[in-house]
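Asks: here you go, sequence then predicted model.
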Amino acid sequence: MLEAVIVDDEIKALQSLSWELTNLSDEVDIVASFTDAHEALEYLERNTPDCLFLDIEMPAMDGFQFIKSLKNKDFPVVITTAYNQYALQALKNEAIDYLLKPIDTDDLEVTIAKIKKFNAKNLTVNRLEKILLNFNAESHSKKITINTDGKLLFLNSDDILYAESDGNYSTIFLSDGQKILLTKKLKEVNALLPDNSFFRIHNSYIINLNKIKEFLKTDGYVVLESNHKIPVSRQKKSDFLDML
């Protein structure tokens, strides 16, 4: 049984679609329906259905704006509309399918098959991700796991020079010159790194203690093996010296 959510600003259209989905297929369970797009977004922040049936032409925000506003996109979106000119735009917005009202039984069956295939693939990917994360966490290696750009990176902590903060983002700098941009605050990055070899030397920097080449006491900087100069904050200086 697929748990579905419907969003359509017209109550009659919503009721009609709900009826069609439940009567044309015994594989769909409507767990929530909304005529208000903002209420639907709040619900979807807290809940993850198996699929979302979304109307395009709504007054508060159209369907494509709605998709862009979704914080959780771990479910397939099906566009439902009486107008066929939105098909290409729907695909560009990563909708899994496009249904024209009134919904045809055969079309609905094809859409449900697509949803099942999408969810089965995602379930396999999520299971594999958990296996890899658990394996790396339980191993005695020096690797850390970073989730970025839809992929898992397994980095050897010895390859990391330092990490730098940029507001809600952070950049990890590697010994080979690579840079990895993360949608994580530096505090979150710090939690991933081993305490015995990394130190937050400044509000904006975490350094690998094993990569220090010099400590310029007067200037308040450390120089890494890569010749990067990293400032040492006054508040961190005493703790830093203790670590050394």
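Replies: The structure has been received and is ready for your questions.

Asks: drop to CA atoms for contacts and neighbour counts, all remaining ones
Replies: Will do.

Asks: check for me that Ala4 belongs to a helix.
Replies: No: using DSSP: H, G, I helix; E, B strand; the rest coil, the assignment for Ala4 is strand, not a helix.

Asks: secondary structure element for Glu164?
Replies: In the assignment (DSSP states H and E), Glu164 maps to strand 160-166.

Asks: any idea how far that strand is from the chain center?
Replies: Centroid displacement of strand 160-166 relative to its chain, using CA atoms, centre = their mean, to the nearest Å, is 21 Å.

Asks: avg pLDDT for that strand?
Replies: Mean pLDDT, strand 160-166: 95.

Asks: what is that strand packed up against?
Replies: On a contact count with 3 or more CA pairs under 8 Å, 6 or more residues apart in numbering; DSSP states H and E, strand 160-166 meets strand 169-174, helix 186-192, strand 205-208.

Asks: so what does the longest one touch, helix or strand wise?
Replies: What that stands for is helix 186-192. Short answer (3+ CA pairs under 8 Å, 6+ apart): helix 186-192 packs on strand 160-166, strand 169-174, strand 205-208.

Asks: of those, which is nearest Ala32?
Replies: With CA to CA as the criterion, Ala32 lies closest to strand 169-174 of these, at 34.6 Å.

Asks: what is the orientation angle of the closest one with strand 160-166?
Replies: Strand 169-174 runs at 160 degrees relative to strand 160-166, counting by axes from the mean of the first three to the mean of the last three CA atoms, to 10 degrees.

Asks: what residues does strand 169-174 touch?
Replies: For strand 169-174, contacts defined as CA atoms under 8 Å, 6 or more residues apart in numbering pick out 159-165, 179-186, 189.

Asks: next: stretch 69-86.
Replies: Contacts of stretch 69-86 (CA under 8 Å, 6+ apart): 41, 44-45, 48-57, 63, 90, 94-102, 115, 118-119.

Asks: filter those residues down to just the buried residues.
Replies: For the contacts of stretch 69-86, a neighbour count by 16 or more other CA atoms under 10 Å gives the buried set as 41, 44, 48-57, 63, 90, 95-99, 115, 118-119.

Asks: excluding chain neighbours, what is closest to Glu10?
Replies: Thr35 (6.3 Å; CA to CA, 6 or more residues apart in numbering).

Asks: look up phi and psi at the one you found.
Replies: phi -100, psi -10 (degrees, to the nearest 10).

Asks: so what pLDDT did it get?
Replies: Thr35 is given a pLDDT of 94.

Asks: check contacts around it.
Replies: Thr35 makes contact with Val7, Asp8, Asp9, Glu10, Ile11, Leu14, according to CA under 8 Å, 6+ apart.

Asks: which of the residues you listed has the most neighbours?
Replies: Within these, most neighbours by other CA atoms under 10 Å means Val7, with 28 neighbours.

Asks: from Asn84, how far off is it?
Replies: Per CA to CA, to the nearest Å, Val7 is found 18 Å from Asn84.

Asks: now swap in Gln178 and tell me
Replies: Noted for Gln178: a distance of 46 Å to Asn84, by CA to CA.
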